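Novice: just to be clear, the model below is a prediction. Sequence and coordinates:
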Amino acid sequence: MIGGFFIVASVNTLAQDKKVFFRYTTSDGRKIVSQTIPPQYVRNGYEMLTIGGEILKVVPPSPPEADAERLAKERKLAKEQARTDLELRQTYSSVKDIDSAKARNLQELVNTISILQANLSSIKTQLKAQEEHAAAIERNGKTVSEDILKNISTLRAEEKDLNNQIKQRQAEYDGAAAKYEKDKARFIEIFGQPKQ
C-alpha cells in the first residue's frame, strides 16, 4: 500500500497480453465483474480474469486491523534481527572471536569492580577512624568539630556512591555476559556448530 492506494503488481503486463477484468464482492455480498475496482473493495480481495473467465491471479483480502498490526510488528522484528545478524557477521568471524571478546570485556569490568571495591574499603577504613575519633571526643565531654562532622558526612556520601557504582558495574557485567552468550547462540544458529 503506497499513500493509501493499493498497487496491483503486474496488472499492466497482464493487460498487455489479454483484456483483464476484476471480480470482487460488494459490501452487500454481490459478485461484480468490472474493468476497475472501487477503492473500498480492494481491501476485501479480488480476482483478475480474462474475458473468457480464466482466472489470471487471485489477490487475497487484506488482514484485519489487529492482524495487520501483528504482521507489521513481525516485519519490524525480522528487519531488526537481520540488522543484528549483519552486525554479528561483520564483527565476528568465529565463535572463538566471540569468546575472546567476551573474556576481554568481562575482565575489564572485573578490574573496574576490583578498583571500586578497593576504594570502598579505603573509604570504610577512613570513615571508621573518623567515627571512632568523634566518639572519643564525645566521651571526653567535648564537642565534635564541624570539620570532623563534615568529613564523616563526606565519607558516608562517598561510600554510598561507591556502592552504587559497584552495583552498576556488576549489572553491566551480567548484561555483557548474557549478550555475548546470546550473540554466540545466534552465531551458531546462523553458521552452525563450530568444528572442534
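Specialist: Received the coordinates, thanks.
Novice: when you work out contacts or count neighbours from here on, use the C-alpha atoms and nothing else.
Specialist: Will do.
Novice: give me the domain ranges for this protein.
Specialist: 11-59, 65-92, 93-191 (automatic domain parsing).
Novice: identify each buried residue in the second one, please.
Specialist: Of the residues in domain 65-92, those buried under the neighbour-count criterion (16 or more other Cα atoms under 10 Å) are D85, L88, Y92.
Novice: pLDDT at F191, what is it?
Specialist: You'll see F191 listed with a pLDDT of 83.
Novice: worst average pLDDT in the domains of the chain?
Specialist: Among the domains of the chain, domain 11-59 carries the lowest mean pLDDT, at a mean of 83.
Novice: picking that back up, just send the buried residues of domain 65-92 back as JSON lines, with secondary structure and distance to L49 too.
Specialist: Converted to JSON lines, the buried residues of domain 65-92 look like this (DSSP: H, G, I helix; E, B strand; the rest coil; distance: Cα to Cα, whole Å):
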{"residue": "D85", "secondary structure": "helix", "distance to L49": "43"}
{"residue": "L88", "secondary structure": "helix", "distance to L49": "47"}
{"residue": "Y92", "secondary structure": "coil", "distance to L49": "52"}
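Novice: could the residues you listed be laid out in a markdown table, adding distance to T112?
Specialist: Output for the buried residues of domain 65-92, formatted as a markdown table (distance: Cα to Cα, whole Å):
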| residue | distance to T112 |
| --- | --- |
| D85 | 30 |
| L88 | 27 |
| Y92 | 25 |
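Novice: distance of the most centrally placed residue in the chain from N119?
Specialist: With distances taken as Cα atoms, centre = their mean, the residue of the chain nearest its centroid is E80 (7.8 Å). Counting by Cα to Cα, to the nearest Å, the gap from E80 to N119 is 41 Å.
Novice: which other helices and strands contact the helix or strand in which A135 is found?
Specialist: In the assignment (DSSP states H and E), A135 maps to helix 95-139. Under the contact definition 3 or more Cα pairs under 8 Å, 6 or more residues apart in numbering; DSSP states H and E, helix 95-139 sits against helix 146-191.
Novice: what is the helix it packs on packed up against?
Specialist: helix 65-91, helix 95-139.
Novice: how far does the shortest one sit from its chain's centre?
Specialist: Same thing as helix 65-91. Here helix 65-91 is found 10 Å from its chain centre; the criterion is Cα atoms, centre = their mean, to the nearest Å.
Novice: with the last one instead?
Specialist: When distances are taken as Cα atoms, centre = their mean, helix 95-139 is centred 32 Å away from the chain's centroid.
Novice: how about stretch 138-158?
Specialist: With Cα atoms, centre = their mean, you get 49 Å for stretch 138-158.
Novice: list the buried residues of that stretch.
Specialist: Neighbour count says stretch 138-158 has I152, L155, E158 buried, by 16+ other Cα under 10 Å.
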